[in-house]
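# Below is the structure, and that's it, no one-letter string:
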């Protein structure tokens, strides 16, 4: 047996969406409350004896940020690690469009998996990466190998407009389209037009960007995520 253990809480932070790991652990250790990073509505509906189970996505690590720069001298920014096919497609769509000639665009990827392309990202330090996000009018976010990605919270730390894919996992205090960010189509059909629209509509861009930053600071820092985590536990222990 497992003896007289105190109440156990488990947070499962893997990339996958299935509940096998949590289910096995709950059966063995009698876990009181479960959290999962990649929790989808479908998995939540199928959680059964894993209830109570709550989403616990990534958050903004404020120790890594730089001051938000009001002088936005980069029009569009995204540097990706190549961990999901959409990221490569975003780089190709933007850098093969007229945007690259018309605006200051810094969009790249660490390597291309399928075929050669001239827009590989130059090596940057992590501080440089944050500095460039803080200087950008538009920051682009795209999922990685797991649906969640640190970048969707990193980019939201700054007042540039965030263009993001709408991933299927549950996020407490979700970012709302046209209020905190803009979601682009999964086939990228509106990517170029959204960028062009918001580069030419400063008031809308700044309204959404600043609201997104405020929303992130209120709900999606590591401190805010810890408050959420503890409040959920408190209701069951």
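Perfect, thanks for sending it. Predicted, not measured: the structure shown is a model, and the values here were computed from it.

# What is the burial count for the closest residue in space to residue 166 that isn't next to it in sequence?
Spatially, and ignoring its direct neighbours in sequence, residue 166 is nearest to residue 183 (4.3 Å; C-beta to C-beta, 6 or more residues apart in numbering). All C-beta atoms are positioned from the backbone trio N, CA, C, and that covers glycine. Neighbours of residue 183 under the rule other C-beta atoms under 10 Å: 18.

# Next up, the contacts around the residue nearest the centre of the chain.
Centroid-nearest residue in the chain: residue 152, 2.4 Å away (criterion: C-alpha atoms, centre = their mean). Residues near residue 152 by C-beta atoms under 8 Å, 6 or more residues apart in numbering: 58, 141, 162, 164, 175.

# among those residues, who's most crowded?
In the contacts of residue 152, the most neighbours by other C-beta under 10 Å go to residue 162, 29 neighbours.

# State the three-state secondary structure for that one.
Using DSSP: H, G, I helix; E, B strand; the rest coil, the structure places residue 162 in strand.

# quick one, what contacts it?
By C-beta under 8 Å, 6+ apart, the contact set of residue 162 is 138-141, 152, 155-156, 175, 180-182, 209, 212.

# From residue 179, how far out is the residue lying closest to residue 163 once chain neighbours are set aside?
Nearest residue to residue 163 in three dimensions, chain neighbours excluded: residue 140, at 4.9 Å (C-beta to C-beta, 6+ apart). According to C-beta to C-beta, to the nearest Å, residue 140 and residue 179 sit 18 Å apart.

# which strands and helices sit next to the lengthiest helix in the chain?
Counting residues, the longest helix found in the chain (DSSP state H) is helix 202-219. Using 3 or more C-beta pairs under 8 Å, 6 or more residues apart in numbering; DSSP states H and E, the elements in contact with helix 202-219 are strand 136-141, strand 161-164, helix 191-199.

# What's the first helix or strand after that helix?
Counting by DSSP states H and E, the element after helix 202-219 in chain order, helix or strand, is helix 222-234.

# Now do that next one: everything it contacts.
Residues from elsewhere that reach helix 222-234 (C-beta under 8 Å, 6+ apart): 9, 11, 33, 35, 52, 54, 56, 59-62, 172, 218.

# Least confident secondary structure element in the protein?
Taking mean pLDDT, DSSP states H and E as the measure, helix 20-29 is the helix or strand of the chain with the lowest mean score, a mean of 82.

# Going by neighbour count, which residues of that one are buried?
When burial is assessed from 16 or more other C-beta atoms under 10 Å, helix 20-29 yields the following buried residues: 22-23, 25-26.

# of residue 140 and residue 179, who's got more company?
More neighbours surround residue 140 than the other of residue 140 and residue 179, with 26 against 12 (other C-beta under 10 Å).

# Near the closest residue to residue 153 other than its chain neighbours, how many other residues are there?
Nearest residue to residue 153, sequence neighbours excluded (C-beta to C-beta, 6+ apart): residue 60, at 4.0 Å. Neighbour count for residue 60, taken as other C-beta under 10 Å: 24.

# Hmm, residue 154 and residue 60 touching each other?
Yes - contact criterion C-beta atoms under 8 Å: residue 60 and residue 154 qualify, at 6.4 Å.

# what sits against residue 141?
78, 149, 151-152, 155, 162-165.

# Now it. Nearest residue, chain neighbours left out?
In this structure, residue 141 finds its nearest non-sequential neighbour in residue 164, 4.1 Å apart by C-beta to C-beta, 6+ apart.
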